[in-house]
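Student: I'll drop the sequence and a predicted model, then ask my questions.
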Amino acid sequence: MKKIIYHIATTLDNFISHEDGSTEGFLYEGEHVNEYLENLKQYDTVLMGKATYEYGYQFGVQPGQPSPIYAHMKHYIFSKTLRFDTKPSEQVEVIDKNEVEFVKQLKEVSGRDIYLCGGGTFAGFLFENELIDELIIKLNPVIFGNGIRLFGKSKKVVDLSLVNSKEYKSGVLLLTYKLNYK
């Protein structure tokens, strides 16, 4: 069975972005970034919510097209309202119903592990349904004070097992955890 891996940058106070979705303050240079880009090659599928997909528009992503950074991956965007003016790329599919069943079936299909790009609300939904298997946190040495939380508004309690950790010269910590649902 394929794993869903939530591979995301966070602040020390557990935010993946500011309230407006911006990420100013995260460290976007250094060996941790190069390693992240290299690690993306291990995935052939990316899951994301509407806000995360649309966040890419400001970086040149065209509606209905794959994000250039994830161009080698099949994109599944989970949204009840996202629609495109033209037919989307074959690499982009909007999932607007039976989301839990869809993800469960996706995990059963042979292939590489699945990259969960975000965002917090969508990750919280998958977390609540115990569909995330592993967390890879790029813990940035910054505090936002408020913003979008790692798992949105989820209050679910889950024990984690530390699988790996790495410290970069920049102060970023890479933490890999297995989720131990009860």
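Tutor: Perfect, thanks for sending it. Fair warning: this is a prediction, and the values are worked out from it, not measured in the lab.
Student: helices of the protein, residue ranges please.
Tutor: With DSSP state H, the ranges of helices along the chain come out as 31-39, 50-55, 99-108, 120-128.
Student: of all these, which one comes closest to T10?
Tutor: helix 120-128 (10.0 Å; Cβ to Cβ). Heads up, the C-betas are built off the backbone N, CA and C, glycines and all.
Student: nearest residue to the middle of this protein?
Tutor: Nearest to the mean C-alpha position of the chain, by Cα atoms, centre = their mean, lies C117 at 1.9 Å.
Student: ok, for that residue, nearest residue in space, not its chain neighbours?
Tutor: Counting by Cβ to Cβ, 6 or more residues apart in numbering, M48 is the residue found nearest to C117 once chain neighbours are left out, at 4.2 Å.
Student: pretty sure that neighbour contacts I114?
Tutor: No. With contact defined as Cβ atoms under 8 Å, M48 does not count as touching I114 (11.1 Å).
Student: residues contacting G64?
Tutor: Contacts for G64 (Cβ atoms under 8 Å, 6 or more residues apart in numbering) come out as F84, D85, T86, K87, P88, S89, V92.
Student: and the first one, what pLDDT?
Tutor: F84 is assigned 95 on the pLDDT scale.
Student: for it, give me its contacts.
Tutor: P63, G64, V94.
Student: the third one too?
Tutor: With contacts defined as Cβ under 8 Å, 6+ apart, the neighbours of T86 are P63, G64.
Student: distance to E167 added to the contacts of G64, as CSV?
Tutor: Below are those laid out as CSV (distance: Cβ to Cβ, whole Å):
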residue, distance to E167
F84, 42
D85, 46
T86, 46
K87, 46
P88, 40
S89, 38
V92, 36
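Student: just the buried ones from the residues you listed?
Tutor: Among those, those classed as buried by 16 or more other Cβ atoms under 10 Å are P88, V92.
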